[in-house]
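Visitor: got a predicted structure plus its sequence, pasted below:
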Amino acid sequence: MASIELRAVEKWFGTVQVIKGVDLRVEEGEFIIFVGPSGCGKSTLLRMIAGLEETSRGQILVGDRDATAEPPSKRGLAMVFQSYALYPHMSVRDNMGFALKAAGEPKDRIAAKVEEAARVLKLGDYLDRRPKDLSGGQRQRVAIGRSIVRDPTAFLFDEPLSNLDAALRVEMRYELAKLHQSLGSTMIYVTHDQVEAMTLADRIVVLEAGRIAQVGTPKELYERPANLFVAQFIGSPKMNVIPASAVGQGGGAAQDFGIRPEHVDIVPPGQGDLDARVDVVEYLGADTYVIVEAEGGAGRMTLRDLGNAPHRPGQAVGLRFAEGRGHLFDAAGKALR
């Protein structure tokens, strides 16, 4: 287990710069998640840490060692890919121990490490099966087990759950959280799914066009976004953003006003901060999302209400914003408070 530090790292493909001077320190035992839209550079940055992509400029330190020029095999890192990449003709036991066997490890040591990894991952009953006899979640656990047996300095995950269906993703999120608690290892994880990020990470790194937009705990990013990009990327449904002038906050540098869907109450018309008309009602069981068209140039907004909320399309309503829950942003999108 070791810390990982990036110092002004850049990545160029010819004349195109895709990573633009990233500085980041991942502490020992920390679970860090990179999120961002497609093309923001999150997978490229992970591959640079792994040594699968050359670092054009800057330094990558693993522990106290400068690993910038080291090949992947020398960095002591284990990478788990989106694709399981298991050998179909081998048993789970042989798949998990293959790297150790190739490195010439003694058979008894390989067996002990495989058994221990299988215990942690609840794969003990599947060691003699082949990959075709496993579910998608079990195959992904085998891929993770193949990394665990190597005792890596850190684990790197590149969208490991994206091939699974929704139910399996929920199950594997739980298992990854328990795995991190059990191993206490440094983990860096890439995903486009903000739910994975919010539920798994100690800290989240939000990337935008090759730069870090903000780093913080899930709570910090949700409650105190540094800019408009983070405010709307983190949270589902995303934060409502309307002209600050629509709610009487347009003075000074404020250009936009943001508020989360759960921080808007529906009240009778004329008794809130804005009036609106219900456009669409989305019933989801415990919650109902009410999509409205607000007056005063505010436009479309999404509100979260109780699942049994009796709203209907065409209904005139008032919108009351929870005190102290609004966010103001300047013309460049920077948070003002």
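Guide: That came through, no problem. Residues are numbered from 1 along each chain as shown.
Visitor: contacting residues around the residue nearest to the spatial centre of the chain?
Guide: The chain has Ala197 as the residue nearest its centroid, 3.0 Å off, counting by CA atoms, centre = their mean. Contact partners of Ala197, counting by CB atoms under 8 Å, 6 or more residues apart in numbering, are 33, 35, 191, 204, 218, 234. From N, CA and C alone the C-beta is placed, and that goes for glycine too.
Visitor: Ser83: which of those residues is nearest?
Guide: Thr191 (15.2 Å; CB to CB).
Visitor: would you confirm that the closest one contacts Val35?
Guide: Yes: if you go by CB atoms under 8 Å, Thr191 and Val35 touch, sitting 6.1 Å apart.
Visitor: SS state for the residue nearest to the centre of the chain?
Guide: What DSSP: H, G, I helix; E, B strand; the rest coil gives for Ala197 is helix.
Visitor: that one and Gly41, how far apart?
Guide: Note on Ala197: its distance to Gly41, by CB to CB, to the nearest Å, is 16 Å.
Visitor: could you do Arg109 as well?
Guide: 39 Å.
Visitor: off-centre distance for stretch 326-337?
Guide: 23 Å (CA atoms, centre = their mean, to the nearest Å).
Visitor: now swap in stretch 63-70 and tell me
Guide: Worked out by CA atoms, centre = their mean, stretch 63-70 lies 26 Å from the chain centre.
Visitor: ok, and what's touching it?
Guide: 2-3, 51, 55, 58-61, 74-75, 153.
Visitor: just the contacts of Ala197: which are in helices?
Guide: If you go by DSSP state H, these have Pro218 in helices.
Visitor: just the contacts of Ala197 now: which is nearest Gly14?
Guide: Val35 (26.7 Å).
Visitor: show me the contacts for the closest one.
Guide: If you count contacts by CB under 8 Å, 6+ apart, then Val35 has 42, 190-194, 197, 204-207, 233 around it.
Visitor: take those and write them to a markdown table, including distance to Val142 and pLDDT.
Guide: A markdown table is the format used below for the contacts of Val35 (distance: CB to CB, whole Å; pLDDT from 0 to 100):
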| residue | distance to Val142 | pLDDT |
| --- | --- | --- |
| Lys42 | 25 | 96 |
| Val190 | 20 | 96 |
| Thr191 | 20 | 93 |
| His192 | 24 | 89 |
| Asp193 | 22 | 89 |
| Gln194 | 27 | 87 |
| Ala197 | 24 | 94 |
| Ile204 | 28 | 98 |
| Val205 | 28 | 98 |
| Val206 | 31 | 97 |
| Leu207 | 30 | 97 |
| Phe233 | 33 | 94 |
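Visitor: and of those residues, the nearest to Glu28?
Guide: Val205 (17.0 Å).
Visitor: where exactly do the strands run in the stretch 151-300 of the chain?
Guide: For the stretch 151-300 of the chain, applying DSSP state E, counting those that start in this stretch gives strands covering 154-158, 186-190, 203-208, 211-216, 240-243, 256-259, 264-267, 274-283, 287-294, 299-306.
Visitor: which helices and strands sit right next to the last one?
Guide: When contacts are defined as 3 or more CB pairs under 8 Å, 6 or more residues apart in numbering; DSSP states H and E, strand 299-306 sits against strand 240-243, strand 264-267, strand 287-294.
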